[in-house]
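Chemist: return atomic coordinates for the entry below.
(2 chains)
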Number of protein chains: 2
Amino acid sequence: MKMQLKEIPGSIVAPQGFLASGIFCDIKRLGTGKGSNKGKKRDLALILSEVPATVAGMFTTSQVCAAPVKISMPRASKARAQAIVINSGNANACTGSQGIRDAKAMTEIVAKLFRLPAEDILVASTGRIGVTLPMANVKRGIQDAAGLLNTFPENAQHAAEAIMTSDTRPKAVAVEFKLGGKTVRIGGICKGAGMIQPGMSATGARPAAVPSNKFQGLHATMLCFITTDAAIESKTLKAALNEAVANSFNRITVDGDMSTNDTVIVLANGMAGNTTVTSNRRADLLAFQSALNHVCLELAKLIVRDGEGVTRFVTVRVNGAKSFADADAAARAVANSSLVKTSWFGGDPNWGRILGALGYSPAHIVEEKIDVAYSAPGSTKLLYALKKGQPTKTSFDVLCKMVAQKEFDLHINLNLGKSAAVMYASDLTEEYVDFNKGDVSDPSSLGG
Amino acid sequence: MKMQLKEIPGSIVAPQGFLASGIFCDIKRLGTGKGSNKGKKRDLALILSEVPATVAGMFTTSQVCAAPVKISMPRASKARAQAIVINSGNANACTGSQGIRDAKAMTEIVAKLFRLPAEDILVASTGRIGVTLPMANVKRGIQDAAGLLNTFPENAQHAAEAIMTSDTRPKAVAVEFKLGGKTVRIGGICKGAGMIQPGMSATGARPAAVPSNKFQGLHATMLCFITTDAAIESKTLKAALNEAVANSFNRITVDGDMSTNDTVIVLANGMAGNTTVTSNRRADLLAFQSALNHVCLELAKLIVRDGEGVTRFVTVRVNGAKSFADADAAARAVANSSLVKTSWFGGDPNWGRILGALGYSPAHIVEEKIDVAYSAPGSTKLLYALKKGQPTKTSFDVLCKMVAQKEFDLHINLNLGKSAAVMYASDLTEEYVDFNKGDVSDPSSLGG
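Modeler: Next comes the predicted model:
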């Protein structure tokens, strides 16, 4: 089916019936009791649907998971929710029972203001680990944010800014498409720049396709909030989000480190008036799924492109694997190798390191069968560096020119089977190290 | 049993009956056809026993393994060998059938010069991947090295220099001890600074304790050559090397990347005249094992301390795990986390990132039970940052002072069982990135 998908402005307030706001309430400074707040950056966001919405969520599969994840996960497994409250500057992770009480309290403050059940409010946090929230500020902040809720595009912009930590820019996207004659919209905002290799599931249990290692998934603080005015059945929305995340956020890596707070939440309020999408309405489901996939993938790519110190955006395409698990393992091994990532930073088409990473990955490979090629993003015009494990005659200078580009595709064909996997990866730079070594003279600058 | 172990000079020529040399034969420059050779650094080493020696070897478990590994592995599985020839500047990896012929030829040149069976000569290489060896130079180099073979300490020093790549200094150690009244010596040299997280076995098959991921092992170019005048049965030597490597080289990490060329070879020529060590002679075996363990661990630590751009040497001690596999996985997750390693570089006692890494590791953990502490190297005086998952009252400044030291121990108690594991790890620095991004204007500078 050919989709008519139009990108539109407005992100999370583009769909009908959604309001947003983002304000500053001084969470970071008070959270550590030290340091300065540079420029009073927004640090609390609120998203509200005018009517109860169908909800779905995906969360970190880390065994050390933050209090807001513990509160939101069961609420996202229900049929309905209506609002999301998010803070940056403090992850509310490793904060014990006080952290749980604080996360719950955040939802209760919102619930009281809008006369909603607290169970219908979800919460997410990002920032420093191990520090309890300055709840007086958070409470005042939620009240301020509630007062400013609106449907103006700048409101969505403020919310996107308020969830940022080490991000250099807000990340937002929205699309419009037709569903049974009705105009439907999906909008989303996200954040994330380091601690990025998500491996999320709806229950915290690790899905088989995303096991617990460097080669096969799992790692980030990324947050993403999606709104849509589509009418869609709860079970169908949950399955659709699962598929969209599997092909977007769970396929990116900046540094291979998974966070305690990774969260994706979608609210679907049905105000577009379409006939409710269910798994039985194949055409409608396909249209919705394509649009949701697009929103998630665009947002996921924005995270990699804005990764800490990143200078390269590399799409690692593994083909010809014996199984998806093998393709996935091979792609992750290459995408997470410190030596491969530093060579990208240096603009060095070092296929030796790529073979090295494939060699130690758990994927089944045969050195003498591997092809390695480069191309412009999405292009099918491949420049082969290696064919059947042997260097080609492609000149080193030509390969260097390709790897000198800000964005390129790396094609690896294992020539052993028919399975494929893609990873969206960044390079590893001195700026990443400089950023993450932190500044111990200012503990508030230290990310979790 | 209390061991009387004395460190002595001379490394690989300290034991009786061993000769060594290290020369320059221009392997790197010609190998790539471009670039300059700075200061004519030695690049070929030869080690010879006057008499046939018992041999044991451990090799990379990468699926992409270099030609010299393919040649040496079966030869190390035999009872006897007599010489080792090693080159730096070119890994002879991903070089196809030509690479196999070249590796074999290197042993044949040595064999011819000393009228030995080629089967008794082992070979190892390190350097750039994917370039065939300049065999005319290699041949002349072996002839030169053969002519210079001697037992002088400077010969061992030259050999140690000749195997270096990105190492900033040669690495050597030797010990002397008593075995049934006889004086026995063990000496060793090694190299390695990047692509360091070895996971070696004698057969290339991955041992159960060293599976294929970031948390559980596997990765480096490190080479190590050990000589001893002890008389020891072949099977016993192979088991002893296995144990020594399991507790030394297989427990270090610089960047979590495993190499195609990792090799440890030991030659035991029996010239000390001790009664042959066998598994039945428990006291003798214990004494030999302790000495071999010491040599391997000291050499392994030298590799981490000389790691590319390294400013910290951190001993990660995990205790209280349910199983060794859990302890090992937890230690490797922490030791390989980019975020933990950059925080060490910054002198930041960031236990949030440590918990984050434990959270995504496959080790079974319970956040509320974890203790995290720091100490001076080997000290039992622990500074707790975290007890039962909660921050302690230890001041941030005191913790910072500890992590500002060049060497410290990180203690993690999972409080779930009785198993323990140690990893010797480095930090991740801007210099590591700068070094490994390479210089594409000089391809000969690019490490494999």
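Chemist: for A:V366, the count of nearby residues, please.
Modeler: Using other Cβ atoms under 10 Å in any protein chain shown, the number of residues around A:V366 comes to 13. Any C-beta I mention is one placed from the backbone N, CA and C, and that applies to glycine too.
Chemist: please verify my assumption that it contacts A:K388.
Modeler: No - contact criterion Cβ atoms under 8 Å: A:V366 and A:K388 do not qualify, at 9.6 Å.
Chemist: what do the two both touch?
Modeler: In terms of Cβ atoms under 8 Å, 6 or more residues apart in numbering or on different chains, A:V366 and A:K388 are both contacted by the residues A:N415.
Chemist: wait, what's in contact with the closest residue to chain B within the stretch 101-250 of chain A?
Modeler: The nearest approach of the stretch 101-250 of chain A to chain B comes at A:I129, 2.9 Å away (Cβ to the nearest Cβ). The neighbours of A:I129, taking Cβ under 8 Å, 6+ apart as the test, are A:A66, A:A91, A:A93, A:C94, A:T260, A:G448, B:G352, B:R353, B:L355, B:G356.
Chemist: remind me, longest helix of chain A?
Modeler: helix A:282-305 (DSSP state H).
Chemist: does chain B sit close to that one?
Modeler: No - Helix A:282-305 stays clear of chain B (Cβ under 8 Å from any Cβ of the partner chain), getting no nearer than 15.0 Å.
Chemist: cool, and stretch A:348-365?
Modeler: Yes - counting by Cβ under 8 Å from any Cβ, chain B has neighbours in stretch A:348-365: A:348, A:350-353, A:355-362, A:364-365.
Chemist: and these, which two are the farthest apart?
Modeler: For the residues of stretch A:348-365 next to chain B, the farthest-apart pair by Cβ to Cβ is A:D348 and A:H364; their separation is 27.3 Å.
Chemist: comparing these two, which shows the higher neighbour count?
Modeler: The neighbour count for A:D348 versus A:H364, taken as other Cβ under 10 Å, is higher for A:D348 (25 against 16).
Chemist: what secondary structure does the closest residue to A:L122 other than its chain neighbours sit in?
Modeler: Take A:L122 and drop its neighbours on the chain: the residue closest to it by Cβ to Cβ, 6 or more residues apart in numbering or on different chains is A:S72, 4.3 Å away. The local conformation at A:S72, judged by DSSP: H, G, I helix; E, B strand; the rest coil, is helix.
Chemist: so A:S72 sits right up against A:T60, yeah?
Modeler: No - A:S72 is beyond contact range of A:T60, at 11.0 Å (criterion: Cβ under 8 Å).
Chemist: which residues touch A:Q98?
Modeler: By Cβ under 8 Å, 6+ apart, A:Q98 lies in contact with A:T132.
Chemist: just the local confidence number for it, please.
Modeler: Listed pLDDT for A:Q98 reads 95.
Chemist: A:R353 too?
Modeler: A:R353 is given a pLDDT of 88.
Chemist: with A:S72 instead?
Modeler: A:S72 carries a pLDDT value of 97.
Chemist: same question, A:I189
Modeler: We note a pLDDT of 98 for A:I189 in this prediction.
Chemist: what of the one 10 residues further on?
Modeler: In this model, A:G199 is scored at 68, pLDDT.
Chemist: over to A:T253?
Modeler: A:T253 carries a pLDDT score of 86 in this model.
Chemist: that one contacts A:A335, doesn't it?
Modeler: Yes - using Cβ under 8 Å, A:T253 makes contact with A:A335 at a distance of 5.1 Å.
Chemist: joint contacts of the two?
Modeler: By Cβ under 8 Å, 6+ apart, the residues touching both A:T253 and A:A335 are A:M423, A:A425.
Chemist: could you check how far the residue of chain A most remote from its centre is from chain B?
Modeler: Residue farthest from the centre of chain A, counting by Cα atoms, centre = their mean, is A:K393 at 39.3 Å. Look at A:K393 and chain B: by Cβ to the nearest Cβ, to the nearest Å, they are 14 Å apart.
Chemist: try A:R80
Modeler: On the measure of Cβ to the nearest Cβ, A:R80 and chain B end up 30 Å apart.
Chemist: so the closest residue to that residue other than its chain neighbours: helix, strand or coil?
Modeler: Spatially, and ignoring its direct neighbours in sequence, A:R80 is nearest to A:P52 (4.7 Å; Cβ to Cβ, 6+ apart). Secondary structure state of A:P52, per three-state DSSP, is strand.
Chemist: how much space is there between A:P52 and chain B?
Modeler: 33 Å.
Chemist: near chain B, which residues of the stretch 251-400 of chain A?
Modeler: Within the stretch 251-400 of chain A, the residues that sit near chain B (Cβ under 8 Å from any Cβ) are A:255-260, A:336-339, A:342-343, A:345-348, A:350-353, A:355-362, A:364-368, A:389-391, A:396, A:400.
Chemist: coming back round to it: mind telling me the two of the contacts of A:I129 farthest from one another?
Modeler: Largest separation among the contacts of A:I129 by Cβ to Cβ: A:A66 and B:R353, giving 13.8 Å.
Chemist: quick one: which of those two has more around it?
Modeler: A:A66 (33 against 28).
Chemist: so how far is B:V64 from A:R80?
Modeler: Separation of A:R80 from B:V64 (Cβ to Cβ, to the nearest Å) stands at 52 Å.
Chemist: who's more crowded, those two?
Modeler: Remark: of A:R80 and B:V64, B:V64 carries more neighbours, 27 against 18, as counted by other Cβ under 10 Å.
Chemist: assess the claim that the more buried one and A:L355 are in contact.
Modeler: Yes - using Cβ under 8 Å, B:V64 is in contact with A:L355, at 4.9 Å.
Chemist: who touches both of those two?
Modeler: Residues touching both B:V64 and A:L355 (Cβ under 8 Å, 6+ apart): A:E367, B:A93, B:C94, B:T260.
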